[in-house]
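Visitor: can't give you the sequence, but here's the structure:
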């Protein structure tokens with residue numbers, strides 16, 4: 001239960017950070033290759049990668065726990 005609570009807190013913090021990025025940063029264009037990307041967009045993408053990594057890690061822990069329970073019950 002403790003891991004689930006920590007997971008929800010982490011996701012909430014990512015959401016608050018995303019909202020703060022959206023509200024406070026200006027979308028200054030940065031040259032990337034042949035085009036441009038906004039610095040706000042780039043920052044949100046990086047934050048989304050960390051959030052996705054957190055979600056995948058949490059899900060992997062759940063799957064590992066299920067497999068361990070199956071081993072002990074057999």
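Guide: Perfect, thanks for sending it. Everything numeric here is computed off the predicted structure, so don't read it as measured data. Residues are numbered from 1 along each chain as shown.
Visitor: contacts and neighbour counts: CA atoms only from here.
Guide: OK.
Visitor: wait, what's in contact with residue 11?
Guide: residue 51 (CA atoms under 8 Å, 6 or more residues apart in numbering).
Visitor: redo that, cut-off 10 Å
Guide: With contacts defined as CA atoms under 10 Å, 6 or more residues apart in numbering, the neighbours of residue 11 are 17, 50-52, 54-55.
Visitor: Report the buried members of the residues you listed.
Guide: Neighbour-count burial (16 or more other CA atoms under 10 Å) applied to these gives 51, 54.
Visitor: Rebuild the contacts of residue 11 as a markdown table, extending it with pLDDT.
Guide: Below are the contacts of residue 11 laid out as a markdown table (pLDDT from 0 to 100):
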| residue | pLDDT |
| --- | --- |
| 17 | 97 |
| 50 | 98 |
| 51 | 97 |
| 52 | 98 |
| 54 | 97 |
| 55 | 97 |
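Visitor: Give me the subset of the contacts of residue 11 lying in helices.
Guide: Counting by DSSP state H, the part of the contacts of residue 11 found in helices is 17, 50-52, 54-55.
Visitor: give the contact list for the residue most central in space within the chain.
Guide: What sits nearest the mean C-alpha location of the chain, by CA atoms, centre = their mean, is residue 51, with 0.1 Å. Taking CA under 10 Å, 6+ apart, we find residue 51 in contact with 10-15, 45, 57.
Visitor: With that, I have no additional questions.
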